[in-house]
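Student: let me see the structure of the following:
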Amino acid sequence: MVVSRGKNPSAQETFMQMAQAAGLRSRLLLTLGLLVLVRLGIFIPVPGIDREAFGTAIRSGSLGGFVGFIDIFVGGGLSALGIFALGILPFINASIIMQLLTAAIPSLEDLQKNEGEAGRRRVSQITRYVALGWAILQSTLLSLFLLAPFAQQPGILFIFQTVVALTTGSMFVMWVGELITERGLGNGASLLIFLNIVSTLPRSLNQTVELAQSGDRNLVGGVIVLLLVFLAMIVGIVFVQEGTRRIPIISARRQVGRKLYLEQSNYLPLRLNQGGVMPIIFASAVLVLPLSLTQYVNNPTFVRFVSNYLNPTSALYVGLYLMLILFFSYFYASLVVNPEDMSRNLKKMGASIPGIRPGKATTDYLGRVLNRLTFLGAIFLGLVAVIPSAVESATRVQTFRGLGATSLLILVGVAIDTAKQIQTYVISQRYEGMVKQ
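Tutor: Okay, the predicted model is just below:
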């Protein structure tokens, strides 16, 4: 992707366009209305389930860490057992699966890259079918899990109605996400996850305020330190998420009339953090699996090993966590950016990197730059993943337990992307005004 320098709209212009421009205002209102609708749907109960007992089991941690980890991304919908309990997760899982399959299956890769808009629509349709199958699988497993301890009338009818309710709710949330992407502010799936995480903040803030009012000076100091650490991390995440290595691009000469033009103001941006939050999500999912298995495995040796060496405060857990983040950072960067494709596209455009020959030399150069950027991004992700837990353990303030590294990265990343999307609409409104004049 080659971009040129441009002037971004000011905050005053952005707010004026949001209030006055009919197109941007309608997109904003549609997005807010759909987000409120999805949030209300979480509290519509699935019939036949003792939701109070299930919510108590989740809050006590007796169902394992994985259930609580998933509950963060559905805004408490899993503990409430509403019809939107699965939320957007099946679609997110399907998107990840399709990314992996696109890199592994040549026909899907050709459909994605060479078939244009029609090919991308077909890939999107396949992703929807995968999301439907994933939602059916997840809802079936959840209904079987709920059957014995939490179902009011266990049986085949309970499994059927639970699967239908949860799958339908998940497909409706997926449709709402696509509607926000097409007719709202964009980034529909990301905004839904953003909403779910933000919905947990009032409870955490309320618990933190109550803790600060307890009168214990150590706890008050711990709350202040924790808030300062979170603030510093948010600033660091903004810098890293926006950080790019700008590789200068020299375009081929073009002649207009008798004049020759040489464009030197373009550059090739390579992001410092190509994988975003995905490496932390994958690493957390891998490490939380043994903790969940201890609920079903009766082997005392395995349970003792997990509790002693794979708990979040152990040195082995932290070391494995950092290694997995590094591995998944390189893995996901290899899926997102292909230096060979970038080199080929530059050659097709008649552009080159100064001092680097086109072809294999350009591919090798881009690969080296990408490897260094990925390593730096992985180190940052590792720090973001470890620091909140370390500070919480040191200060003994556990009120922000659910708001960890993954949640912070998602909140900051989605906020930045949404702000850029709004700026894009403001710029389009600016040019429409110039055309009308």
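Student: next, the distance between the ends of stretch 143-157.
Tutor: The first and final residues of stretch 143-157 sit 11 Å from each other (C-alpha to C-alpha, to the nearest Å).
Student: my guess is residue 95 meets residue 127, correct?
Tutor: Yes: the criterion here is C-beta atoms under 8 Å, and residue 95 meets it with residue 127 at 6.0 Å. Every residue, glycine included, has its C-beta placed from N, CA and C.
Student: ok, residue 417 - how many residues close by?
Tutor: Neighbourhood size, residue 417 [other C-beta atoms under 10 Å]: 18.
Student: and if you look at residue 418?
Tutor: Other residues lying near residue 418 total 17 when counted by other C-beta under 10 Å.
Student: assign it to helix, strand or coil.
Tutor: helix (DSSP: H, G, I helix; E, B strand; the rest coil).
Student: which non-adjacent residue is nearest residue 366?
Tutor: residue 339 (3.8 Å; C-beta to C-beta, 6 or more residues apart in numbering).
Student: so which residues make contact with the lengthiest strand in the chain?
Tutor: As assigned by DSSP state E, the longest strand anywhere in the chain is strand 244-251. The contact list for strand 244-251 (C-beta atoms under 8 Å, 6 or more residues apart in numbering) reads 2, 262-264, 266-272, 346, 349-354, 366, 369, 373.
Student: buried residues in it, which are they?
Tutor: Across strand 244-251, burial judged by 16 or more other C-beta atoms under 10 Å covers 247, 249, 251.
Student: that strand pairs with which strands, parallel or anti?
Tutor: Paired neighbours of strand 244-251 in the sheet (DSSP bridges): strand 266-271 (antiparallel), strand 351-352 (antiparallel).
Student: return the set of buried residues in the longest one.
Tutor: Same thing as strand 266-271. By 16+ other C-beta under 10 Å, the buried positions in strand 266-271 come out as 266-268, 270-271.
Student: is the residue nearest to residue 366 in contact with residue 370, as I believe?
Tutor: Yes: Residue 339 is within contact range of residue 370, at 6.1 Å (criterion: C-beta under 8 Å).
Student: the two: which is more packed in?
Tutor: Higher neighbour count among residue 339 and residue 370: residue 370, with 22 against 19, using other C-beta under 10 Å.
Student: now the strands paired with strand 244-251 as TSV including distance to residue 144 and mean pLDDT?
Tutor: Below are the strands paired with strand 244-251 laid out as TSV (distance: least, C-beta to C-beta, whole Å; pLDDT from 0 to 100):
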stretch	distance to residue 144	mean pLDDT
strand 266-271	41	82
strand 351-352	56	79
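Student: the ones you listed: which one's closest to residue 161?
Tutor: Among those, the nearest to residue 161 by C-beta to C-beta is strand 266-271 (45.3 Å).
Student: which strands or helices does the next helix or strand after the closest one pack on?
Tutor: The element immediately downstream of strand 266-271 (helix or strand, assigned by DSSP states H and E) is helix 278-293. Packing partners of helix 278-293 (3 or more C-beta pairs under 8 Å, 6 or more residues apart in numbering; DSSP states H and E): helix 65-73, helix 300-309, helix 315-336, helix 360-395, helix 405-436.
Student: next, the angle helix 315-336 makes with helix 278-293.
Tutor: Relative orientation of helix 278-293 versus helix 315-336 (axes from the mean of the first three to the mean of the last three C-alpha atoms, to 10 degrees): 140 degrees.
Student: now helix 278-293, how far from the chain's geometric center?
Tutor: Centre-to-centre, helix 278-293 and its host chain are 15 Å apart (C-alpha atoms, centre = their mean, to the nearest Å).
Student: what about stretch 412-432, average pLDDT?
Tutor: Averaged over stretch 412-432, pLDDT sits at 76.
Student: buried ones in it?
Tutor: 412-415, 417-418, 421-423, 425-427, 429.
Student: again, but for stretch 127-138
Tutor: 127, 130-132, 134-136, 138.
Student: residue ranges with poor pLDDT in the stretch 301-437 of the chain?
Tutor: Residue ranges of the stretch 301-437 of the chain with pLDDT under 70: 312, 397-406, 429-437.
Student: helix/strand/coil for residue 153?
Tutor: The local conformation at residue 153, judged by three-state DSSP, is coil.
Student: over to the nearest residue to it once chain neighbours are set aside: give its phi and psi.
Tutor: Leaving aside its chain neighbours, residue 153 sits nearest to residue 48 (6.0 Å; criterion: C-beta to C-beta, 6+ apart). Torsion angles at residue 48 (phi, psi; degrees, to the nearest 10) stand at phi 90, psi 10.
Student: all helices for the stretch 1-150 of the chain, in order.
Tutor: 11-20, 22-41, 51-60, 65-73, 77-80, 89-104, 106-114, 116-150 (DSSP state H, counting those that start in this stretch).
Student: any idea which of the ones you listed is most buried?
Tutor: helix 77-80 (a mean of 23; mean count of other C-beta atoms under 10 Å).
Student: report the mean per-residue pLDDT for that one.
Tutor: So the average pLDDT for helix 77-80 ends up being 66.
Student: try stretch 93-110
Tutor: Mean pLDDT, stretch 93-110: 81.
Student: ok, stretch 197-204 next?
Tutor: Stretch 197-204 comes out at a mean pLDDT of 77.
Student: including distance to residue 331, could the strands paired with strand 244-251 go into JSON lines?
Tutor: What follows is these, written out as JSON lines (distance: least, C-beta to C-beta, whole Å):
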{"stretch": "strand 266-271", "distance to residue 331": "16"}
{"stretch": "strand 351-352", "distance to residue 331": "29"}
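Student: so which of the ones you listed is nearest residue 390?
Tutor: The closest of these to residue 390 is strand 266-271. By C-beta to C-beta, the value is 26.9 Å.
Student: now residue 186: closest residue in space, sequence neighbours ignored.
Tutor: Closest to residue 186 by C-beta to C-beta, 6+ apart is residue 421, at 4.4 Å.
Student: show me what contacts that neighbour?
Tutor: So residue 421 contacts 185-187 (C-beta under 8 Å, 6+ apart).
Student: and the residues you listed, which of them are in helices?
Tutor: Among the contacts of residue 421, none falls in helices (DSSP state H).
Student: give me the PyMOL select line for those residues, limited to the buried ones.
Tutor: Here is the PyMOL selection string for the buried members of the contacts of residue 421, based on 16+ other C-beta under 10 Å:
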select buried, resi 185+186+187
